[in-house]
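Visitor: no sequence for this one, just the structure:
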């Protein structure tokens, strides 16, 4: 079970020129946005990456608006773990459970998941918050990530797992986010 104290949300490469071309783009960006908002309420840190932003653009505005002051990690390696700045920033959070969202499922998300697992992190793939340009590659990426040892989850499942109980102000705020779906 994940807890707010041990968890980090990693948003991989949800960028302006890439996002519109992926399968179910609006739904995926919406799911990532809801998860970011819930993490803000639950005090779960969020780390954002951008793959070659000169070519693929910056993280979509609707997500960056939810993260004032956030500085995405720019990278060239497909796996986030191949970037020293990323690894330094990740380690600084001292979190063991990584909620993983982003694009593309079968490339950057997959390679990041495998390397995070190799480094000993617990990876929880948010299946409604990942996509690829084709549904086939999205599905393949999810299957391969699960086979590598990650847990499959969804944004709603993760939100309620982080909450643990009803009847709190945080529950009310996160429940309102869930109802937006």
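Guide: Arrived safely, thanks for sending. This structure is a prediction, so every number in the text was calculated from the model and none was measured.
Visitor: The closest residue to residue 28 other than its chain neighbours bridge partners, please.
Guide: The spatially closest residue to residue 28, leaving aside those adjacent along the chain, is residue 131, at 4.5 Å (C-beta to C-beta, 6 or more residues apart in numbering). Glycine gets a C-beta too; all of them are placed from N, C-alpha and C. With DSSP bridges as the criterion, the beta-bridge partners of residue 131 are residue 103.
Visitor: wait, isn't residue 131 in contact with residue 142?
Guide: No: with contact defined as C-beta atoms under 8 Å, residue 131 does not reach residue 142; the gap is 10.0 Å.
Visitor: And the helix or strand in which residue 74 is found, what does it pack against?
Guide: Residue 74 is part of strand 73-75 when elements are defined by DSSP states H and E. With contacts defined as 3 or more C-beta pairs under 8 Å, 6 or more residues apart in numbering; DSSP states H and E, the packing partners of strand 73-75 are strand 46-51, helix 84-93.
Visitor: Which of the residues in the helix or strand following the shortest one are classified as buried?
Guide: Translated: strand 46-51. Per DSSP H and E, strand 46-51 leads on to helix 53-56 as the next helix or strand towards the C-terminus. Within helix 53-56, the residues scored as buried using 16 or more other C-beta atoms under 10 Å are 53, 56.
Visitor: if you average pLDDT over the helix or strand that comes right after helix 53-56, what comes out?
Guide: Sequence-wise, the next helix or strand downstream of helix 53-56 (DSSP H and E) is helix 61-64. Helix 61-64 shows an average pLDDT of 97 in the prediction.
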